[in-house]
Structure formats: C-alpha cells, structure tokens
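> could you look at this predicted model? Sequence included:
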Amino acid sequence: MDISKYRITPKQTPIKLADYPTTDNKQLSEDELQDKWIPESINKLQDLHLKLHAEEEKGIMVVLQAIDAGGKDEAISFIFSNLTAQGLKTTSVKKPSKTEVKHDYLWRIHEGKPSKGEISILNRSYYEEVIAPRIHDVLDKDPLPDHLIDEDIWKVRFRQLNDFERYMTENGFPVIKFFFNVSKDVQKERLLERMKDPKKNWEFSFSDIEEREHWDTYQEVFEDMLNNTSTDYAPWYILPADDDWYARYIISEVMINVLENLDPQFPEISGEDRQQLDESIELLEND
C-alpha cells in the first residue's frame, strides 16, 4: 500500500477535502481485510509496540479527529486495543470543564501525552480549539483577554499548535494525526443505525443531529485546519472513512511506518547484570 497518497504534505496550493475520496478501496474485500491484511498488520504493529515499550526511550502521540460517526472509536477498538495495555493510553477530549477553562487551552492535554515507551491516543484533541469555537462562534466565551481575540486568532493558534508538535517531536515524541474523511450520506447511515439499534443507542447523542446542520461549515473549518497544521514533522493523514475497515488498515500501516523509522529495540543485558542473570537462572533451575 502506498500510504503517502493519504499524507498531506505542506504545499503552496491549499488542499480541498472534496478532492480526497471518502471511499478508496478498489482492491481488497472487507473479508480479506478482516481475515488477512489487518491481522497481519496488527501482528507487526504489536511486535514494534512491544519493543517501543520495552526500550522506554521514545513515545508516540496519535491524534484522531473527525466529525460525529467518523469512525474514531472503532479504530481504537479494532486497532489500538490490540496493543500492549501497559504501553497504551487513551484520552477522550470533550467539552472543557470549569477547571480546564481557567487554564491555557493546551493545559488539559498534558495528562494525555505519552510517557517514554508509550503510545497515547487522543480521541479528538487540542484541535477542537480551532474547530468548535469557529463552528459556534463562541470565542467571546474564551477566557482570553479581549485584546488577544482578533481576526488573526486562528493563525496564531495554528502556529502555536505547530510549535507544540515540533516541541514534542524534537523531544522524542513524534505526533501522527489521522483525519477521518466521511461523507454526509455515510454519516447519516451510521447515525440512523445508532438511533434504531437498541444496542447502539448509547453511542448516539442528540447533539450529533444538531452538529450535522453545520456540515458545510465543518468542511471549511477542517480544510483550514489541515492546510495550516500538516507539517513535515507532524503530518495529517486523510482517511477514506466511508471504507471503515480500509481506513483502519491504513492507520495500522502508517503506525508501522512510524515505528520502523524509530527502530525500537529490546534492551540487552550485559556486564554485571548479565552475570547476575546467569546466576539467577542457574539458581532457579537447581531449585
């Protein structure tokens, strides 16, 4: 698979979401993905993640961003939940609490950042701070001083987020970002399924229908976000999210690529520790 086709590289010409297909799987059936390609990919991902966790030198922060019913939760369930639990952290970013609002907007993200040897998943992320306030025009409720809120506020925040991700990357915590590009028709199907299936009612929120009314505005805001925050060191990948299993396969393959570039290794025991280990093995075998 050529995963580079889904990666946004910094360009002078802005990208348009309409140019990125929401369905792109022309070769693999859903059965092939579920029975062969995804299990094989996850096995490789598990091995690399175990080495990352054992080595404890670097970590990875994964950003999952989408409109409602885009497929983020399912990606976590079918891909990331298969990894070593001790080396995995998942944080859902929701409406900020009263305490969180009293701090800078990145403050609440810090507990969701990865430790060395860990992959952290942000189910929605700090990018909500350049999405929700624009959709609902509620920036005046932000605790920022009035003189900092002007027509350049979004450019400022884009720069701040790019700087934050550069800081993370330069300190051994690369950031990888996935945007679930789902069509309006498929979102409708998924929302109706949640509404009609009693076993899935818990996944539905009435706010999902309210937010759907802002579909076109969301697309414009998403485009602006993607164009201004996909960098060489922290790229966005646009997933054809109507193909849910194919999107999950892309995520797994991208993660493998990131981990292979980090090249984690199991720690080797040498010197006095090696001698002590050999003595302990002998002691236990003769017990």
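It's in. Numbers count the residues shown, from 1 in each chain.
> neighbours of residue 219, how many?
16 (other C-beta atoms under 10 Å). Quick note: C-beta positions are derived from backbone N, CA and C, even for glycine.
> pLDDT at it, what is it?
Residue 219 is assigned 95 on the pLDDT scale.
> residues contacting the nearest residue to it once chain neighbours are set aside?
Leaving aside its sequence neighbours, residue 219 sits nearest to residue 17 (C-beta to C-beta, 6 or more residues apart in numbering; 5.6 Å). By C-beta atoms under 8 Å, 6 or more residues apart in numbering, residue 17 lies in contact with 181, 219, 222, 223, 226, 238.
> which residue ranges of the stretch 101-250 of the chain form strands?
For the stretch 101-250 of the chain, the strands defined by DSSP state E, counting those that start in this stretch cover 119-123, 175-181, 236-240.
> what's the closest of those strands to residue 280?
Between residue 280 and these, the tightest spacing by C-beta to C-beta is seen for strand 119-123, at 31.5 Å.
> what helices and strands are in contact with the closest one?
Counting contacts by 3 or more C-beta pairs under 8 Å, 6 or more residues apart in numbering; DSSP states H and E, strand 119-123 is packed against strand 60-66, helix 72-78, strand 88-92.
> so what's the residue count around residue 127?
22.
> what's the distance between it and residue 161?
7 Å (C-beta to C-beta, to the nearest Å).
> could you name every residue contacting both of those two?
Contacts common to residue 127 and residue 161, judged by C-beta under 8 Å, 6+ apart, are residue 229.
> residue boundaries of the helices in the stretch 1-150 of the chain?
When assigned using DSSP state H, counting those that start in this stretch, the helices of the stretch 1-150 of the chain occupy the ranges 30-32, 38-55, 72-78, 98-101, 132-135.
> pull the distance from the longest one to the chain's centre.
A distance of 17 Å separates the C-alpha centroid of helix 38-55 from that of its chain, computed with C-alpha atoms, centre = their mean, to the nearest Å.
> give the buried residues for that helix.
By neighbour count with 16 or more other C-beta atoms under 10 Å, helix 38-55 contains the buried residues 38, 41, 42, 44, 45, 48, 49, 50, 51, 52, 53, 55.
> the last one too?
Neighbour-count burial for helix 132-135, counted by 16+ other C-beta under 10 Å, picks out 132, 133, 134.
> shaky segments in the stretch 101-250 of the chain?
139-148 (pLDDT under 70).
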